[in-house]
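**Q** sequence-free structure coming up:
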């Protein structure tokens, strides 16, 4: 599946057919030939298949709190295993890291987390702390602070992806493209990061 299908699908998903699963009729035989590895947040309001309006077998999905990709070699085996499977075995040509506004994980990171009560969450969110630090150093406050932390985290996790040998090799061979996206829960807008201009732009179809 080409990456270009995700964006028009996102627009069509604004009014999905309630009689089908994300606009696709069920099938007894659905093969797994995804064109995209989607790394997103566990937030129950952010459903990759709904955002992109794709059916079973079209995207391979990793979801966790704050769409985090721990760097290669950090002993986090679940995310690493899924990345290797998608890139090496499924040979996906695209990886999307999609964060979102009103992210509970990013909000928790921006507060003091009780290590005694939530030790796993506290340790997990440390992988996103450099994004928070970046925003703090930049002096961003007020209503823009959360959105900028979400954006910084998406870019941080995209860089972490490049630490995986399979990702780096596939990129160097021209077989893999990485995409940094943000979904706005309030407006429904999807924006993407343009590395050439270092700007976020709203997707318009």
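**A** Received the coordinates, thanks. Treat the numbers as computed from the prediction; the structure is a model and nothing was measured.
**Q** Counting by contacts, list what the helix or strand where residue 151 lies packs against.
**A** Assigned by DSSP states H and E, residue 151 belongs to helix 144-161. Helix 144-161 is packed against strand 94-100, helix 104-109, helix 129-138, strand 177-183, strand 190-194, with contacts defined by 3 or more Cβ pairs under 8 Å, 6 or more residues apart in numbering; DSSP states H and E. Yep, even glycine has a C-beta here, placed from its N, CA and C like the rest.
**Q** Can I get those in TSV including mean neighbour count?
**A** Converted to TSV, these look like this (neighbours: other Cβ atoms under 10 Å):
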stretch	mean neighbour count
strand 94-100	24
helix 104-109	19
helix 129-138	15
strand 177-183	21
strand 190-194	17
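**Q** wait, which of these is closest to residue 120?
**A** Each of these has some distance to residue 120 by Cβ to Cβ; the shortest is helix 104-109, at 11.9 Å.
**Q** Run through who's touching that closest one.
**A** Residues outside helix 104-109 that contact it (Cβ atoms under 8 Å, 6 or more residues apart in numbering): 41, 43, 65-66, 68, 99, 121, 125, 128-129, 131-132, 146, 149-150, 153.
**Q** so which pair among the residues you listed is furthest apart in space?
**A** Across the contacts of helix 104-109, no pair lies farther apart than 43 and 129, at 19.4 Å, counting by Cβ to Cβ.
**Q** give me the low-pLDDT residue ranges for this structure?
**A** Applying pLDDT under 70 to the chain picks out residues 1-2, 13-30, 205.
**Q** As a markdown table, the helices and strands packed on helix 144-161 with distance to residue 204 would be great.
**A** A markdown table is the format used below for the helices and strands packed on helix 144-161 (distance: least, Cβ to Cβ, whole Å):
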| stretch | distance to residue 204 |
| --- | --- |
| strand 94-100 | 17 |
| helix 104-109 | 26 |
| helix 129-138 | 27 |
| strand 177-183 | 14 |
| strand 190-194 | 10 |
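**Q** related to what we said a few turns ago, now a ChimeraX select for only the buried ones of the contacts of helix 104-109.
**A** Selecting only the buried entries of these in ChimeraX, with 16 or more other Cβ atoms under 10 Å as the criterion:
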select :41,43,65,66,68,99,121,125,128,131,132,146,149,150,153
